[in-house]
Each structure stands twice: as structure tokens, then as C-alpha cells.
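Return atomic coordinates for the entry below.
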Amino acid sequence: MPRQLQLRCFDAKRPEEDRLVIIWDWLMPLFWGPPPGERDFVRLSTIEEFVEKNLRFQKCKAVAGDTCSCGKKPNEVVSPGQSPNHYEHRVSKVHGPLYRHGDRAPLSSYPNDPYNDVARYWPRGYGQLSEIGEEQHYRLGSYLRQRYFDLLPLMYNYNDTHIRSTDVDRTLASALCNLAGLYPASNTSRVWPHVAFQAIPVHTETQDHDHLLKPADYCPKYLKVLSYVESSKEYQCVMNLTAQLQKEVAAFAGYSTYTSDIYDILFIEELYNLTLPSWVWSYYPNPLKSLYLFDGFITWGSTTELQRLSAGPMLKEIIENMQRKINGTLNPDRSLYVYSTHDDNVVNTLMALKVFNGILVPFASAVLTELRALNNSYYVTVSYKNSTETEPYLLQLPGCDSLCPLDQFVELTKEVIPDDLDTECAEEVTAGTEYLFQVPAAAILPEWEHCFQKPKSDDGLFHFLSVKTSSK
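Model prediction:
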């Protein structure tokens, strides 16, 4: 039973199974909401039935090739619904979930868009979190409550959890909805009898000063390196192959100049069951989807230098928090640091860790970077939860096991960790510097493949390209 469980409504005169009922708020981490057929209270028989069907956790947990004392093999001791490779030993120390905001309205409309009546089609406004997005993040927060239940008290405390968001409405709103699931309201946390929530702060910085989650937006060196990548023969090859496509789509959409964001607008409109114009189907979903991914995401984090100046600051904070947790200098001594961000943050982070699969990031997806302790040693696991309906996928960084020793994780990521962001952003780019342009093979259309070198790795996960800066 959860700590501080409150019992209510004991009445010996009632039928035996109804003599004692329990406030269901305390059981939210188990049920993800009110149990079916129940309102304010839960019968003990309901709890017993739920536990019997859903919470048969093994007491013996095997990790990374070890065998438990009970004789079980590693993949035989997972909980129902878990991936066999999910490390379910409850000895986690500190976590850094990074997630994308939930479902939203399109960021804008295109000039000839039949659905540009904002009040009618997007009543909350362009770019705003939708009710679907609210639910997605409530469910994700409820999942995180289940995952970290043994580390986080049910009542929010400043010393346990810190939430950081970009200064954008949809990420701030997503963080609040996520917290409603992570810290479900209980009877003792209700200031007003009929208002069920815990008031939890979400921290942010204005975008032009957000050196943690949006550092590239103000970094001159990042913009310079990006311009070199965009002038490379590989990038220009793709642009030339799609030049006619871009011209035609721009004309249909009413743009003077093509923007790859047209894909996002069409995607959202289709998602909301709006009938797309007939011209769209010659270009959508592909090649517009692949061009949107290539031009708007992969290119932005395609080199180690770009990753260092975009995802690097956040990865640096996560690693430093892990190290401080271990040596006892983390103050406050928190267990959870949460980052509410965007799809480009997720892509840049996965690319920096060399585990991006070349697929657009769904709403409310999360990267879970977790410090774990085992036999007096410390390890890092990285998992990718790309659906609120499924368990996370445990990822394996190139050069390390899925359960990666912390020291090895630090070594593998050191090239994308900036020493001092302000200093590096102010640096001039040395003429002739060579950069490695990384493109996930899954993101490349067959007709684009001749623009790139063949993968150097046997798994075909990446195309490796060398791009030299201008000698100007």
C-alpha cells in the first residue's frame, strides 16, 4: 500500500466487503484514474483483484547478463507488459526525463489553406496544446509515477523534483498536465474541497536566454556551422533533387518561397480528420515528410559540433547531476529532473547519443536517461518512449551495453559536452575544419541515396559524410 494511506468510511453495519473503503486518489499511480465503477472510494476487494491481475512483479530481478540467486535467467524475470530488456530493479538513483509536448494545433496556416479560420478550426490558437495533448501528458505523467513510485513521495516537495520547460505555451501546459499525473491529487493536498490538484512550479527562461534547452537559438557558432552543412554538396544534392517539388508545392500553397513546415500543417489537419485539398496527395505524406525531417531536424543536429551546441548543455546537466548524486554534493538531493521540450530537442539528444532511428518524434515522446546502482557500481540506461500506449524501448549506445557503466557513458558523450557554452558560441569557425555529417539511413528516400556515401557500419544505421567548411 502507498505510504500514508488514508482509510475512510468504516461501518460495521454494512456488508462485509463494503465495511472499509479507501480513497482512490492514493491509488492513482496504480489505476491511472478512478477504477471502473468507482467514484470517491475503492473497495479492498477491487484492490486485491487489480493487484492479482496486473501487479505480479517478480521479487528477483536480473540485470545485464547476471543470474539471480533464485536461479532465474535475466529475460525471465520481467513484469507483465515490460520489454525483456527493461531493467526493472528498483535501485534507480536519479532520472532526467526529456519529453516532447503533447498534441497541438498547427503552428500556422499556409496562404491557400482552407482551414485558416482559427476561431473555427483551432479555437485555442495556433501552436496551442489540445485536449488530446493534455490527456497524452497526463498519461505520461501517470506512467512516470508508476516507474518512479519508490523514489517519489505522493506529495510534491521541492527537494524531490525539478521541472524545466522552454518558454512556450504548449511545453508549459504539457508540463502542468504531466505533473497532474506524476503527482495525483490526494485528500491531504486539496486546498479546496472540490479542486483536485497539487500546485507545482514549472521553471523556464525566455527563449533568448535559455542556454539549457534552446542554446542554439542564440549561438553564432552554431548558426555558422549549420550554414556550412547547408552549403555541402550532399545537402545541396537533396535540395536540387527536390527543387521542382518545392516550386510546385509553394505555388499550390500560395507561398512565395517553399517552407518544409507545410508538411506539419498538413499532418495536423489530417490528424484532425480535415479533408486535404486534392493537390496535396501528389506530395504528401512523402516526399514532403522526408524533406521535412531532413531539412528541419536531421540537418540541425547532423555534426558533432552542432550536437555539442544544441543537445550538449542539457546532457551536461544530466551527467553532472548523476555525478553529484553519487558523491553526495547534489543540493537539493533530488531524484527527478524533468525537461518539457520540443521534437527538435528529442532528435538532437538522440542524435548526440548516436541512437536516433530516423523517424519523426511523435507527440508526448520521452527520452529517459536514468542512473542506476548495482553491486556498488553505477550505470546509465537510456530508453525511448515514443507512445503513451507502450513501454519504452531500451536503447544501446554504440560502444557500450544497454546497461552502460557511468564512466563509459561519460567517455562516450564527452565530445558532445561543451566546456563553456558562451565561450564556444563566441569562437570563430576555423577555415578548412572538417565535420562529420551524420544522416540516419532510414530517413533517406531511395532517390536521394546517390547524394550520400554508403554506410560505413554494417548495420546501415548511419550514412557517414565528411563536410569541409569554406576556406574563406
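
Does the residue nearest to Ser302 when sequence neighbours are not counted fall in a helix, a strand, or a coil region?
In space, and not counting its chain neighbours, Ser302 is closest to Phe437: 5.0 Å by CB to CB, 6 or more residues apart in numbering. From N, CA and C alone the C-beta is placed, and that goes for glycine too. Classification of Phe437 using DSSP: H, G, I helix; E, B strand; the rest coil returns strand.

Would you mind confirming that Phe437 is in contact with Lys233?
No. Using CB atoms under 8 Å, Phe437 is not in contact with Lys233; the gap is 10.4 Å.

out of these two, which sits in the busier spot?
More crowded of Phe437 and Lys233, by other CB atoms under 10 Å: Phe437, with 24 against 10.

Quick check: bridge partners of that one?
Leu465 (DSSP bridges).

Let the chain start at 97 from now.
Yes, from this point I'll number from 97; that puts the last item at Phe533.

any idea how far Pro280 is from it?
Taking CB to CB, to the nearest Å as the measure, Phe533 falls 46 Å from Pro280.

now swap in Ser204 and tell me
Per CB to CB, Ser204 is found 36 Å from Pro280.

of the two, who's got more company?
Pro280 (25 against 15).

There's contact between the more buried one and Tyr234 in this structure, I believe.
No. Shown here, Pro280 and Tyr234 do not form a contact pair, counting by CB under 8 Å, at 9.5 Å.

Strands of this structure, start to end?
Under the criterion DSSP state E, the chain contains strands at 103-104, 117-119, 137-139, 188-196, 257-262, 299-301, 432-437, 462-470, 473-481, 489-491, 500-501, 530-536, 558-564.

Mean pLDDT added to those strands, as TSV?
Below are these laid out as TSV (pLDDT from 0 to 100):
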stretch	mean pLDDT
strand 103-104	42
strand 117-119	51
strand 137-139	56
strand 188-196	89
strand 257-262	98
strand 299-301	98
strand 432-437	98
strand 462-470	95
strand 473-481	95
strand 489-491	95
strand 500-501	96
strand 530-536	80
strand 558-564	59
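
I'd like the ones you listed laid out as a markdown table, including distance to Asn423.
Formatted as a markdown table, the strands of the chain follow (distance: least, CB to CB, whole Å):
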| stretch | distance to Asn423 |
| --- | --- |
| strand 103-104 | 42 |
| strand 117-119 | 40 |
| strand 137-139 | 43 |
| strand 188-196 | 12 |
| strand 257-262 | 19 |
| strand 299-301 | 25 |
| strand 432-437 | 17 |
| strand 462-470 | 12 |
| strand 473-481 | 11 |
| strand 489-491 | 26 |
| strand 500-501 | 16 |
| strand 530-536 | 34 |
| strand 558-564 | 35 |
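
which intervals of this protein have sub-threshold pLDDT?
Along the chain, segments meeting pLDDT under 70 span 97-188, 283-290, 550-568.

What backbone torsions are found at Thr484?
Thr484 adopts backbone torsions of phi -80, psi -10, taken as degrees, to the nearest 10.

tally of neighbours for it?
Thr484 has 20 nearby residues by other CB under 10 Å.

so it makes contact with Gln232?
Yes. Using CB under 8 Å, Thr484 is in contact with Gln232, at 5.4 Å.

any shared contact partners between those two?
Here Thr484 and Gln232 share the contacting residues Ala460, scored by CB atoms under 8 Å, 6 or more residues apart in numbering.

mind giving me the domain ranges of this structure?
What the record gives for the chain is the domain set 103-150, 158-185, 188-523, 524-564, from automatic domain parsing.

highest average neighbour count across those?
Highest mean neighbour count among those (mean count of other CB atoms under 10 Å): domain 188-523, with a mean of 18.

Distance of Leu275 relative to Lys189?
Taking CB to CB as the measure, Leu275 falls 21 Å from Lys189.

Give the full set of residues in contact with the residue lying closest to Asp304 once chain neighbours are set aside.
Nearest non-adjacent residue to Asp304, counting by CB to CB, 6+ apart: Tyr314, 5.8 Å away. Contact analysis of Tyr314 by CB under 8 Å, 6+ apart lists 304-305, 307, 521.

now swap in Asp516 and tell me
Counted by CB under 8 Å, 6+ apart, Asp516 has zero contacts.

do the same with the one 5 residues further on
Shown in contact with Cys521 (CB under 8 Å, 6+ apart): 311, 314-318, 405.

Touching, Asn417 and His191? I think so.
No. Asn417 is beyond contact range of His191, at 9.4 Å (criterion: CB under 8 Å).

Give the residues shared as contacts by these two.
Tyr433.

circling back to that earlier point, mind checking which of the contacts of Tyr314 are in helices?
Cross-referencing the contacts of Tyr314 against helices under DSSP state H gives Cys521.

Quick one, which of the strands of the chain gets closest to Lys385.
Closest of the strands of the chain to Lys385 is strand 530-536, at 14.0 Å (criterion: CB to CB).

what's the offset of the closest one from the middle of its chain?
Remark: strand 530-536 is offset 23 Å from the chain centroid, using CA atoms, centre = their mean, to the nearest Å.

Please apply the same query to stretch 511-528.
The answer for stretch 511-528 is 26 Å, by CA atoms, centre = their mean.

show me where the stretch 147-296 of the chain has helices.
214-217, 227-243, 265-278 (DSSP state H, counting those that start in this stretch).

separation between the closest residue to Leu449 other than its chain neighbours and Val478?
With CB to CB, 6+ apart as the criterion, Leu449 has its nearest non-adjacent residue at 5.7 Å, and that residue is Leu493. Distance, Leu493 to Val478, using CB to CB: 7 Å.
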